[in-house]
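> pasting the sequence and the predicted model now:
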Amino acid sequence: MKRITLLVCLFLALQGTGVVFADPFDVVAKRGMTGETVTRVQTMLMSAGFYYGPVDGAFGSGTEAAVKAFQERLGIPADGVVTEDIVRLLKYAPKTDNTPSRYRRVMTMEATAYSSEDPGCGLYTARGSRLTKGLVAVDPSVIPLGTRLYIPGYGPAIADDTGGAIKGARIDLAYNSRGEALQFGRRQVTVYILD
């Protein structure tokens, strides 16, 4: 609630300072666009707690939904189009505690970590992706493969792998090196299952 109040105050303050809000044709990014500008918008949306998808520079449905959610919080028309004014508001949006603004479910899970450098681990996940940070192993009866997740302290993730010891409320987080995986160790994590 505090974040919403700050965003609304920021919006009203900018209006009161003579900032001229952009013409609807002053589009910075919209669905279907790609490139560095979209990457910057995705990064700002993620920092503000509205976007938890891949920061890939492709303005798809997930990015559009995040822009609309941000616009709705400000009480302005939610068209999903990023103008210069939206960019300005995103720059000054309060940073979040990295809790997603939209999710289906939250679970507390016991987490371990692994990498392709670990003995017995292959280079590819159960779904055929090259093993890299951002892919996690789950029990598919608990979290279906392909599910998008957010794990504070780890970041956005996709349930892409399985493991013999990963049963029930356990999750194995992939890292790019064995050193990073060993440094993580074993701990309890909060797992947000995203929309």
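Structure received.
> for the biggest strand by length in the chain, packing partners?
Determined from DSSP state E, the single longest strand within the chain is strand 105-114. With contacts defined as 3 or more CB pairs under 8 Å, 6 or more residues apart in numbering; DSSP states H and E, strand 105-114 has these neighbours: strand 170-174, helix 178-184, strand 187-193. For glycine as for every other residue, the C-beta is placed from the backbone atoms N, C-alpha and C.
> one more time with 10 Å, if that's ok
When contacts are defined as 3 or more CB pairs under 10 Å, 6 or more residues apart in numbering; DSSP states H and E, strand 105-114 sits against strand 135-137, strand 148-151, strand 170-174, helix 178-184, strand 187-193.
> compare the ones you listed and give me the one nearest T39.
Proximity to T39, assessed across these by CB to CB, is greatest for strand 148-151 (18.4 Å).
> then the helix or strand following the closest one to CSV, C-alphas only?
Read in the C-terminal direction, the helix or strand following strand 148-151 is strand 155-161, with elements assigned using DSSP states H and E. Provided in CSV are the C-alpha atoms of strand 155-161 (Å, rounded to 0.1, in the frame of the first residue of the first chain):
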residue,chain,number,x,y,z
GLY,A,155,15.8,-14.2,-9.3
PRO,A,156,13.5,-15.3,-12.1
ALA,A,157,13.5,-19.0,-12.8
ILE,A,158,11.9,-21.7,-14.9
ALA,A,159,11.1,-25.2,-13.7
ASP,A,160,13.1,-27.0,-16.3
ASP,A,161,14.7,-30.0,-14.7
